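Engineer: Attaching a predicted model along with its sequence, questions to come.
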Amino acid sequence: MGPPGEGAECAGAGPERPGPDAEGERPGSGAGDGPESGVEAERLARAALTRVVEPGDERAGAWLRRVGAVELLRVLRTEDGAAERLPGMTAVRLEGYRLRAVAADPARDLAAVAALGGRLVCPGDREWPSQLDDLGDARPVALWVRGRPDLRLWALRSVAVVGARACTPYGAHMAATLGAGLAERGWVVVSGAAFGVDGAAHRGVLAVGGATAAVLACGVDVPYPRGHAELIGRVAQQGLVIAELPPGDHPTRARFVLRNRVIAALTRGTVVVEAEYRSGSLVTARQAQRLGRFVMGVPGPATSGLSAGVHELLRGEGVLVTEASEVAELIGEIGDLAPDRRGPVLPRDRLDPIAAKVLDALPYHGLTSTRELARGAGTSADETLGRLYELHSLGFVEREGDGWRLTRPSPRDGAVRRGGS
């Protein structure tokens, strides 16, 4: 699977935004556009619609694709009968949309995120990650972003690490180790800033000075969970904090689930570290599978309920991984290979086949003649005698009179002397 596509312009979006100018303005900031320009109107409309439309609302996404952001916002705010003609619109739905649309103040929201050093990234912007378009009508209306790095460029080489909130020490260790290892290999680690596996993955990356991004189910200015306020602040300083919801919005159970589709679509693959059968992390993995992304899982004890969901994933399309190099091998470029895994090479492994047969023919106790060993090894007496002297020089056997025996084991190398077990 190659890297996600770049720079696609989406229906209903304005033209591609210019790159940073001499004064360092970011693409997608809206700076330099006149208040009446189509690009600015589109940006304001999408900012407003992030407050009107719930994440993943495919019906609204189809309307947006059909009529564009400016027109959709207009019909939701005015009572000229146009909104009622939208496919699938009902009076109840329209009332809910209209209450939000009338109250939306996009200029205020844009100013609030700008005060945090953030911005709004819209489809069609140079910074928009076009792999999000794979979500179809469930694609985000726009993304609110805090942090200096370019979202599109970071997303091109990113991997999600997700898992249980109530993880075990093993799960936290594996998440942190994977996060650090992937960061050291130049990967951007994406997660959800939740307790447990998410937080451990972010901390593992931050500890090695790597790149990490947190996708929130609330506004980028809302530290949730509260206990991760400092962590989210560090991610915003060193990496990116991303949200579909406008500043000040708070999470709900449904928004957590829908947030997971963004994590899955944004990254090349998803690694699940500890998950029960009913887990939001498995929602992310299944969404990644549907989108054609790589899905990986870290195994745990067969007796652990927190690993049961991962094991079920591995019985299907998931790929078992245990360290960062294995993840990089699966989702990376040609040449990103994990090291070969072998057990230790024992002295017996270096014996040629005939010498090994002679050694196997020796009983564990007592003396044996050369002729008896030749019969047991299936070779000639002369060949057996030659091999016995080779084994003697290597310390495997010793001679006593006319007989041969295995060398008595010492406390340190007993396993080797008794036939290299």
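Structural biologist: Arrived safely, thanks for sending.
Engineer: Count residues in the vicinity of G248, would you?
Structural biologist: By the measure other Cβ atoms under 10 Å, the count of residues near G248 is 14. Heads up, the C-betas are built off the backbone N, CA and C, glycines and all.
Engineer: Could you check the pLDDT of it?
Structural biologist: We have a pLDDT of 95 for G248.
Engineer: Quick check: closest non-adjacent residue to it.
Structural biologist: Among residues not flanking G248 along the chain, G219 sits closest, at 5.1 Å (Cβ to Cβ, 6 or more residues apart in numbering).
Engineer: What lies in contact with stretch 166-173?
Structural biologist: For stretch 166-173, contacts defined as Cβ atoms under 8 Å, 6 or more residues apart in numbering pick out 163-164, 175, 195-197, 200, 273-274, 300, 304, 306.
Engineer: Pull out the buried members of those.
Structural biologist: Among these, the ones that count as buried by 16 or more other Cβ atoms under 10 Å are 163-164, 175, 196-197, 200, 273-274, 300, 304, 306.
Engineer: Among those residues, which pair sits farthest apart?
Structural biologist: A200 and S304 (16.6 Å; Cβ to Cβ).
Engineer: Go through stretch 102-110 and flag the buried ones.
Structural biologist: Counting neighbours by 16+ other Cβ under 10 Å, one finds that the buried residues in stretch 102-110 are 104, 106, 109-110.
Engineer: so which of these comes closest to F256?
Structural biologist: D109 (21.5 Å).
Engineer: what's that closest one sitting at in phi/psi?
Structural biologist: phi -70, psi -40 (degrees, to the nearest 10).
Engineer: Tell me who's in contact with it.
Structural biologist: Applying Cβ under 8 Å, 6+ apart, we find D109 in contact with 47-48, 50-51, 246-247.
Engineer: can you pull the contacts of the closest residue in space to it that isn't next to it in sequence?
Structural biologist: Leaving aside its chain neighbours, D109 sits nearest to P246 (4.6 Å; criterion: Cβ to Cβ, 6+ apart). By Cβ under 8 Å, 6+ apart, the contact set of P246 is 47, 50-51, 109, 144, 219.
Engineer: Can you name the element that comes right after the helix or strand hosting I242?
Structural biologist: According to DSSP states H and E, I242 maps onto strand 240-243. Downstream of strand 240-243, the next assigned helix or strand under DSSP H and E is helix 253-266.
Engineer: And that next one, what does it pack against?
Structural biologist: strand 158-163, strand 188-191, strand 212-216, helix 280-290 (3 or more Cβ pairs under 8 Å, 6 or more residues apart in numbering; DSSP states H and E).
Engineer: highest average neighbour count across these?
Structural biologist: strand 158-163 (a mean of 31; mean count of other Cβ atoms under 10 Å).
Engineer: Contacts only, for the spatially most central residue of the chain.
Structural biologist: Centroid-nearest residue in the chain: A160, 1.8 Å away (criterion: Cα atoms, centre = their mean). By Cβ under 8 Å, 6+ apart, A160 lies in contact with 189-191, 263-264, 266-267, 269-271, 284, 288.
Engineer: could you redo those as TSV and give each row pLDDT?
Structural biologist: Shown next, in TSV, are those (pLDDT from 0 to 100):
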residue	pLDDT
V189	98
V190	98
S191	98
I263	98
A264	97
L266	97
T267	97
G269	97
T270	98
V271	98
T284	95
A288	96
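Engineer: Which single one of those residues is nearest to R253?
Structural biologist: T284 (15.2 Å).
Engineer: Give the ranges of residues in the protein that sit below the confidence cut-off.
Structural biologist: 1-36, 334-343, 345, 410-421 (pLDDT under 70).
Engineer: mind redoing it with 50?
Structural biologist: In the predicted model, the chain carries pLDDT under 50 at residues 1-36, 413-421.
Engineer: any idea how far whichever helix or strand R66 is part of is from the chain center?
Structural biologist: In this structure, R66 sits in helix 58-67 according to DSSP H and E. Computed by Cα atoms, centre = their mean, to the nearest Å, the chain-centroid distance of helix 58-67 equals 29 Å.
Engineer: Now do the buried residues in it.
Structural biologist: 60-64, 67.
Engineer: for the helix or strand following it, packing partners?
Structural biologist: Downstream of helix 58-67, the first helix or strand assigned by DSSP H and E is helix 69-77. The contact analysis (3+ Cβ pairs under 8 Å, 6+ apart) places helix 69-77 against helix 38-52, helix 58-67, helix 91-103.
Engineer: relative to helix 91-103, how tilted is helix 69-77?
Structural biologist: 110 degrees (axes from the mean of the first three to the mean of the last three Cα atoms, to 10 degrees).
Engineer: Now find how far off-centre helix 69-77 is within its chain.
Structural biologist: On Cα atoms, centre = their mean, the centre of helix 69-77 falls 36 Å from that of its chain.
Engineer: What lies in contact with that helix?
Structural biologist: 12-13, 41-42, 45-46, 48-49, 52, 60, 63-64, 67, 82-83, 86, 94, 97-98, 101-102, 104, 141.
Engineer: angle of it against helix 38-52?
Structural biologist: Using the same axes, to 10 degrees: helix 69-77 against helix 38-52 is 50 degrees.
Engineer: circling back to that earlier point, any idea how far G332 is from the residue nearest to D109?
Structural biologist: Using Cβ to Cβ, to the nearest Å, P246 is found at 35 Å from G332.
Engineer: all strands of this protein, in order?
Structural biologist: Using DSSP state E, the strands assigned to the chain run over residues 118-121, 143-146, 158-163, 188-191, 212-216, 240-243, 269-273, 294-298, 319-320, 368-369, 397-400, 403-406.
Engineer: In CSV, list those along with distance to A381.
Structural biologist: Output for the strands of the chain, formatted as CSV (distance: least, Cβ to Cβ, whole Å):
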stretch, distance to A381
strand 118-121, 83
strand 143-146, 81
strand 158-163, 63
strand 188-191, 65
strand 212-216, 69
strand 240-243, 76
strand 269-273, 60
strand 294-298, 56
strand 319-320, 51
strand 368-369, 9
strand 397-400, 15
strand 403-406, 12
